[in-house]
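Engineer: Build the 3D model from these lines:
(2 chains)
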Amino acid sequence: DAGVTQTPRHEVAEKGQTIILKCEPVSGHNDLFWYRQTKIQGLELLSYFRSKSLMEDGGAFKDRFKAEMLNSSFSTLKIQPTEPKDSAVYLCASSRQGNQDTQYFGPGTRLLVL
Amino acid sequence: AQKVTQTQTSISVMEKTTVTMDCVYETQDSSYFLFWYKQTASGEIVFLIRQDSYKKENATVGHYSLNFQKPKSSIGLIITATQIEDSAVYFCAMREDQGGRALIFGTGTTVSVSP
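Structural biologist: Predicted structure coming up:
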């Protein structure tokens, strides 16, 4: 089975731009997660979907970050407008369904905002 | 409140030796799940091993094993016969059964394996 895929792998944006990151979970997985990773903050949850329903939205990220699950096999994370402090690695993960299930991560998108 | 703490920032070991990493967690839930992940130099995060709180036996997968001490809220990772390729950042993570929230991660331990 294919793992979690993310595109693009690298993105460079100007301050104020809108960017959209994409994720395809493992086939058959119903839970999807978006995380952000920085050296200072480590791994932080942005959004969590179960069967396309938003279960949790990271409180600090509601303002300019919007994740959507358009169907069971595709999700997007929109950042609008981007700021230099958004420079980070954005990771998507998926799991079958249930709090007990292991999450598997995609390769990440490295975002640089100038 | 949930919390995962990894106090060791970095560890250096010689190849073919054993390395042990610490992780302590905080939870109010009686049922929870503990995970260890490895992040390679390329940035890829790979699942290694897990321990379910209700299981008394320590999990083992290949040359990875866990030292689960429930009364101490501790879940250590042990890597035996280390190889150069084990050089990476290792993250401990927890998820509560009832909380329904996503994984909570520790800050990671960087392991460097030298020949």
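
Engineer: need the residues of chain B near chain A, please.
Structural biologist: Those residues of chain B that sit near chain A, judged by C-beta under 8 Å from any C-beta of the partner chain, are B:33, B:35, B:37, B:42-47, B:50, B:52, B:91, B:95-103, B:105, B:107-108. Backbone N, C-alpha and C define where each C-beta goes, glycine included.

Engineer: wait, B:Ala1 sits on B:Glu26?
Structural biologist: Yes - B:Ala1 lies in contact with B:Glu26 (C-beta atoms under 8 Å); the separation is 6.8 Å.

Engineer: For the worst-scoring helix or strand of chain B on mean pLDDT, what is the distance to the chain centroid?
Structural biologist: The least trusted helix or strand in chain B, going by mean pLDDT, DSSP states H and E, turns out to be strand B:104-105, with a mean of 92. Computed by C-alpha atoms, centre = their mean, to the nearest Å, the chain-centroid distance of strand B:104-105 equals 11 Å.

Engineer: One more: stretch A:97-114?
Structural biologist: Going by C-alpha atoms, centre = their mean, where stretch A:97-114 is centred and where its chain is centred differ by 6 Å.

Engineer: CA-only coordinates of that stretch in PDB, if you can.
Structural biologist: Extracted in PDB, the C-alpha atoms of stretch A:97-114 (Å, rounded to 0.1, in the frame of the first residue of the first chain):
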ATOM      1  CA  GLN A  97      -9.800   5.000  12.900                       C
ATOM      2  CA  GLY A  98      -9.700   5.000  16.700                       C
ATOM      3  CA  ASN A  99      -7.500   6.600  19.300                       C
ATOM      4  CA  GLN A 100      -5.600   3.300  19.600                       C
ATOM      5  CA  ASP A 101      -4.400   3.300  16.000                       C
ATOM      6  CA  THR A 102      -0.800   4.100  14.900                       C
ATOM      7  CA  GLN A 103      -0.400   7.300  12.900                       C
ATOM      8  CA  TYR A 104       1.800   7.200   9.800                       C
ATOM      9  CA  PHE A 105       3.500  10.300   8.500                       C
ATOM     10  CA  GLY A 106       4.000  11.700   5.100                       C
ATOM     11  CA  PRO A 107       7.300  13.200   3.900                       C
ATOM     12  CA  GLY A 108       6.300  16.700   4.800                       C
ATOM     13  CA  THR A 109       6.300  20.000   3.000                       C
ATOM     14  CA  ARG A 110       9.100  22.400   3.800                       C
ATOM     15  CA  LEU A 111       7.700  26.000   3.600                       C
ATOM     16  CA  LEU A 112       9.800  29.100   3.400                       C
ATOM     17  CA  VAL A 113       8.000  32.500   3.600                       C
ATOM     18  CA  LEU A 114      10.100  35.500   2.600                       C
END
